[in-house]
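Participant: Here's my sequence, what's the structure:
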Amino acid sequence: MGNFSIYGGALSLDLPAAWDDHSVYTFVAPEQSMGAGLPTMAKTQGFRPNVVVTREGKGKYERLDAYAKEQLGASQKALPQMKVLSEDSGTTGGIASISRVFTFVVPNQNATVQQVQIFVMHGAWIYTMTFSTLPQFYAEHRKLFDDVSDKIHFN
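Facilitator: Residues are numbered from 1 along each chain as shown. All right, here's what the predicted structure looks like:
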């Protein structure tokens with residue numbers, strides 16, 4: 001059995017040793033204004049900017065760029081209307097990272113979402129932080145996301 005601790009140690013699980021940790025944390029902002037001319041999806045369901053943080057074992061990946069490239073291929077296959085706007089190398093929490101900005105149309109919703117993904121390899125793990133918002137709010141919300149990502153620390 002492997003012991004996995006989440007939520008700052010508030011919850012621990014004993015799982016079979018062969019299981020992989022693919023932790024996912026999701027943080028959501030307040031719903032965006034309905035009067036802002038939002039697409040149909042947002043008018044009927046509301047849209048909440050969000051940050052999703054995932055973690056998985058690095059497995060076969062010795063280099064972060066190989067992982068990011070494979071993730072791009074999987075995303076493009078799942079989201080045929082995906083458009084990469086930029087991809088840059090940098091640092092996050094003092095560790096080399098890759099940042100990718102893109103848009104995609106949510107299938108069956110005719111709504112465009114803009115995302116930035118930051119990939120970081122630290123120890124035996126690869127972390128992906130994905131920030132999502134509507135394109136018309138991207139510049140404003142990106143500043144908030146940058147403030148958050150500038151304060152990330154890896155232990």
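
Participant: So which other helices or strands are in contact with the helix or strand where Thr54 lies?
Facilitator: Assessed by DSSP states H and E, Thr54 sits inside strand 50-57. Under the contact criterion of 3 or more C-beta pairs under 8 Å, 6 or more residues apart in numbering; DSSP states H and E, strand 50-57 touches strand 24-28, strand 125-133. (Glycine included, C-beta is placed from N, CA and C.)

Participant: Next, the buried residues of that strand.
Facilitator: By 16 or more other C-beta atoms under 10 Å, the buried positions in strand 50-57 come out as Val51, Val52, Val53, Glu56.

Participant: and if you look at stretch 99-112?
Facilitator: By neighbour count with 16+ other C-beta under 10 Å, stretch 99-112 contains the buried residues Ser99, Arg100, Val101, Phe102, Thr103, Phe104, Val105, Ala111, Thr112.

Participant: Stretch 112-123 now?
Facilitator: Of all the residues in stretch 112-123, those buried under the rule 16+ other C-beta under 10 Å are Thr112, Val113, Gln114, Gln115, Val116, Gln117, Ile118, Phe119, Val120, Met121, His122.

Participant: Was I right to think the last one contacts His153?
Facilitator: No: taking contact to mean C-beta atoms under 8 Å, the distance of 10.5 Å between His122 and His153 leaves them out of contact.

Participant: intersection of neighbour lists for these two?
Facilitator: Gly93 (C-beta atoms under 8 Å, 6 or more residues apart in numbering).

Participant: Need the max-distance pair from the buried residues of stretch 99-112.
Facilitator: Ser99 and Ala111 (23.4 Å; C-beta to C-beta).

Participant: now could you export just the CA positions of stretch 92-112 as CSV?
Facilitator: C-alpha atoms of stretch 92-112 as CSV (Å, rounded to 0.1, in the frame of the first residue of the first chain):
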residue,chain,number,x,y,z
THR,A,92,8.1,29.1,-12.0
GLY,A,93,9.0,28.8,-8.3
GLY,A,94,12.6,29.0,-9.3
ILE,A,95,12.4,25.9,-11.5
ALA,A,96,12.5,25.8,-15.3
SER,A,97,9.0,25.8,-16.8
ILE,A,98,7.2,26.0,-20.1
SER,A,99,4.2,28.3,-20.6
ARG,A,100,1.7,27.8,-23.4
VAL,A,101,-1.2,30.2,-24.2
PHE,A,102,-4.1,29.0,-26.4
THR,A,103,-7.7,29.3,-27.2
PHE,A,104,-10.3,26.6,-28.1
VAL,A,105,-13.9,26.3,-28.7
VAL,A,106,-15.8,24.3,-26.2
PRO,A,107,-17.3,21.4,-28.1
ASN,A,108,-21.1,21.6,-28.5
GLN,A,109,-21.2,25.1,-26.8
ASN,A,110,-19.9,27.5,-29.4
ALA,A,111,-18.0,29.3,-26.7
THR,A,112,-14.3,30.2,-26.9
